[in-house]
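Student: this one's structure only:
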């Protein structure tokens, strides 16, 4: 095979529709835009416009608040940690922190820290060093013989 012999599969490319090229083309005259009116013109921007009536997004009251300073934690369940230990991706003998979880593929990125939740069972004796954990998760970790250290930066 030579570079000049390479071509796309049949039907992979399609010619663009040339509108407004005479009535014989099937999309001439109005060019598939219907008849007259604002939407038949170019440069139309009428999303949310209700014909002069007060639009619904202005009639309804504003609600809520978005805290731009809030910490965003990555949530990890005990079941996921146990699965990683079983798959030999996490070493239970060493201290497990955000970097170890990232290297094991349990989390993609650490964001503002890792928070442990109690979903699933933990059989391994494991020492964790994370930003936060639920009370039930701490109980399960200690029941399995492990320990957990909560980092001071995330403590409120």
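Tutor: Okay, I see it. As the structure is a prediction and not an experimental result, all values here were calculated from the model.
Student: quick one: contacts for residue 44?
Tutor: Counting by CB atoms under 8 Å, 6 or more residues apart in numbering, residue 44 makes contact with residue 38. C-beta: built from backbone N, CA, C; applies to glycine.
Student: helix, strand, or coil at it?
Tutor: State at residue 44, reduced to three classes by DSSP: H, G, I helix; E, B strand; the rest coil: coil.
Student: which stretches in this protein count as strands?
Tutor: 74-77, 95-96, 114-117, 127-130, 132-133, 147-150 (DSSP state E).
Student: okay, helices next: where are they in this structure?
Tutor: Using DSSP state H, the helices of the chain run over residues 56-59, 78-86, 98-104, 135-143.
Student: so the last one versus helix 78-86, what angle?
Tutor: Here the directions of helix 135-143 and helix 78-86 differ by 30 degrees (axes from the mean of the first three to the mean of the last three CA atoms, to 10 degrees).
Student: can you point out the buried residues in helix 135-143?
Tutor: Across helix 135-143, burial judged by 16 or more other CB atoms under 10 Å covers 137, 138, 140, 141.
Student: grab the most central residue of the chain for me.
Tutor: residue 108 (11.3 Å; CA atoms, centre = their mean).
Student: count of residues packed around the residue found closest to residue 130 once you drop the neighbours it is linked to in the chain?
Tutor: Take residue 130 and drop its neighbours on the chain: the residue closest to it by CB to CB, 6 or more residues apart in numbering is residue 114, 4.5 Å away. Number of residues near residue 114 (other CB atoms under 10 Å) recorded here: 25.
Student: okay, residue 114 and residue 2: tell me how far apart.
Tutor: Using CB to CB, to the nearest Å, residue 114 is found at 54 Å from residue 2.
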